[in-house]
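In: sequence first, predicted coordinates after that:
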Amino acid sequence: MASLSLRLAATMPSVGPGKTMSVMSTTESGGCSGGREAGVRHLVQNGHFSVPAAVQVTRSAMSSIPVSGSSSTSPLRAVSSKISAEMSTAPSTEEPELETDPIVLWNRYVNWLYQDKDLGLYLDVSRIGFSDEFYEAMLPRFEDAFKHMKELEGGSIANPDEGRMVGHYWLRKPEIAPTPYLQKLILDTFDRVQKFADDVISAKIKPPPTPVGRFTQVLSVGIGGSALGPQFVAEALAPDNPPLKLRFIDNTDPAGIDHQIAQLGPELSSTLVLVISKSGGTPETRNGLLEVQKAFRDAGLDFSKQGVAITQEGSLLDNTAKIEGWLARFPMFDWVGGRTSEMSAVGLLPAALQGIDIRGMLDGAAIMDESTRNTTVKQNPAALLALCWYWATGGVGAKDMVVLPYKDSLLLFSRYLQQLVMESLGKEFDLDGNKVNQGISVYGNKGSTDQHA
C-alpha cells in the first residue's frame, strides 16, 4: 500500500515582529489508496480544542522535503521566533537554537513519529520545537478536548447562536448518528446519489434534446465549500477519462462564467447542471445560475430538464427546483457546514458522476475518524497537529502556515486547507465568551513552484 506522510515544521526566519512561517510540505506518488481521508480535527479556542473539521486527502503516498527545524527535549533548541509575552498564551522560553546533534534528532524522530501502516498514514512532527514540559502541560487541555469531541459526535449543540449540531462525522458512519431518523436520512441520501449517478452514466437518464444519446458534461455552480471540496476530489481522484467531464462556475467574474459556457459549445444540450447552495440564496451562486439559465434559453433548451439542486430542504433554491420540475433535488443538512460537506451530496454526487468510488471515500474517511478519536495524543494524528500548530503559533496565530503539495493532482489541497483551517480556527471568542483571537493564515501553491520562488 502506498503511504502518506505529512511534515509540519517551523522553518522560516522572522517575517515580521514575533511572526515566522510554519510549513507543511506534501508530495504524493503511487496509486489510489481506496479513498483514504487524512482527517485533521482542528482544535482551537483558548486551549479548548473542540472545533472539528476533516481534511480529505484521498490519494496515497505523501512525503516531505527536509526542513530546518528542531527537536529536542528541554532545554529546547529549535528554529522559531519568540512571541511577545502579552500576545502569547504559551510558556515563555529563551530564544531557541537550531539542534544539530544527529543522535538527539534521531531519538526525537523515533519518539514522535506517528505511523499507521494499514492506513498508509505517516506523520512526522519531530522538527517542531515543543518541549516535553510543554507537552505535559497541554495534556489536561487535550482531555477536555476529547470530552467535547465525544459530546459533539453524540449530538450536543455546537453552535449555540443557531442551536445547531455538527454532524459531518455521521455522514461517514451513519450508525453513530444520535437518532434513527438521522441514520436513515443519511443512508437514503447516499443510495439516491449513487443510483442517480449510475443512471446518468448508463444513459438510463438522458438529456431531452438528445433522447438517443447521453449526458457528456457536468457543470457545477457553487462557491466556497460547495466548490472547493468537489474540485479537490475531482483533481485528486478522478480517472484520466471520466464518464462525464466536470466543470465549475465558482466566481462572479462574467468573463469566467462566459468562458465555461462557451467551452461547452454544442455539448450544452448534453450538460447536467448541478446548483449547490445550502441556504439557496447565496448571491454568487444565484448569479452563476442566472447566467447558465440564460445560455439555455438562448440555445432553445429547457434548463429544468437538465438542472439538479443540492440545497437545504425548504430553501429558495429547493422550492424553485420543486416548482419548476428540475431533474432532481438532493438535500444539504443544517448540521453540516459548507467546508465539511464533501462527504454529503455536495461532494458525493460530482464524484460519483466521474466514476469515483464514493463508498470507498466514505469508508476511508470513517477509518480516519477512528484514528482521531484515540485519546492518547501520540497515537492521534489530529491531536499531534493541534499540538504543533498551537506551539508554533503561540496559541494566537502568531505564525502563518504554508502548504506545499508536490504532486500535481494535489495542487488544490492547499486551497482546500486554506478555507478549512482559516474558517475553522479564525475565531475571536471561545464558547465561554473569552476573547482568544485564534486563527492561522494559510497559503500554498505547487511545491516546486514555491520552492523555486
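Out: Yes, it's here.
In: which elements pack onto the helix or strand where residue 347 lies?
Out: Counting by DSSP states H and E, the secondary-structure element that holds residue 347 is helix 345-353. Contact here means 3 or more C-beta pairs under 8 Å, 6 or more residues apart in numbering; DSSP states H and E; on that basis helix 345-353 packs against helix 180-201, strand 217-221, helix 225-237, strand 271-276, strand 307-312, strand 328-332, helix 358-372. (C-beta placed from N, C-alpha, C; glycine too.)
In: where does the closest residue to residue 377 other than its chain neighbours land on pLDDT?
Out: Residue nearest to residue 377 in three dimensions, not counting chain neighbours: residue 383, with 4.5 Å by C-beta to C-beta, 6 or more residues apart in numbering. On pLDDT, residue 383 comes in at 98.
In: ok, residue 383 - how many residues close by?
Out: Summarising burial for residue 383: neighbours were counted as other C-beta atoms under 10 Å, giving 26.
In: poorly predicted segments of the stretch 251-400 of the chain, please.
Out: The model of the stretch 251-400 of the chain has no residue with pLDDT under 70.
In: give the rounded mean pLDDT of stretch 424-444.
Out: The predicted confidence, averaged over stretch 424-444, sits at 86.
In: just the buried residues of that stretch, please?
Out: Of all the residues in stretch 424-444, those buried under the rule 16 or more other C-beta atoms under 10 Å are 424-425, 427, 430-431, 436, 438-444.
In: in helices, which of these appear?
Out: Of the positions in those, 424, 425 sit in helices, assigned by DSSP state H.
In: returning to that earlier point: got the angle for the helix holding residue 347 vs strand 328-332?
Out: Our comparison of helix 345-353 with strand 328-332, counting by axes from the mean of the first three to the mean of the last three C-alpha atoms, to 10 degrees, yields an angle of 130 degrees.
In: ok, residues contacting helix 345-353?
Out: Contacts of helix 345-353 from elsewhere in the structure, counted by C-beta atoms under 8 Å, 6 or more residues apart in numbering, are 189-190, 193-194, 196-198, 200-201, 218, 220, 222, 225-226, 229-230, 233-234, 237-238, 242-244, 246, 272, 274, 276, 308, 310, 330-332, 338, 341, 358, 361-362.
In: pull the number of nearby residues for residue 301.
Out: 18.
In: also residue 290?
Out: The criterion is other C-beta under 10 Å. On that basis, residue 290 has 12 neighbouring residues.
In: how close does it sit to residue 252?
Out: Computed with C-beta to C-beta, to the nearest Å, the distance linking residue 290 and residue 252 is 11 Å.
In: swap in residue 239?
Out: Here the distance between residue 239 and residue 252 works out to 31 Å (C-beta to C-beta).
In: so what are the domain limits for this protein?
Out: Using automatic domain parsing, the domain parsing of the chain gives 4-156+361-452, 169-359.
In: tabulate the ones you listed (a markdown table), appending distance to residue 163.
Out: Listed next are the domains of the chain as a markdown table, based on distance: least, C-beta to C-beta, whole Å:
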| stretch | distance to residue 163 |
| --- | --- |
| domain 4-156+361-452 | 11 |
| domain 169-359 | 10 |
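In: closest one to residue 162 among those?
Out: Taking C-beta to C-beta as the criterion, residue 162 comes closest to domain 169-359 out of the domains of the chain, the separation being 8.2 Å.
In: endpoints of that closest one, how far apart?
Out: 15 Å (C-alpha to C-alpha, to the nearest Å).
In: same question for stretch 243-257.
Out: 23 Å.
In: now do stretch 436-445
Out: One end of stretch 436-445 to the other measures 29 Å (C-alpha to C-alpha).
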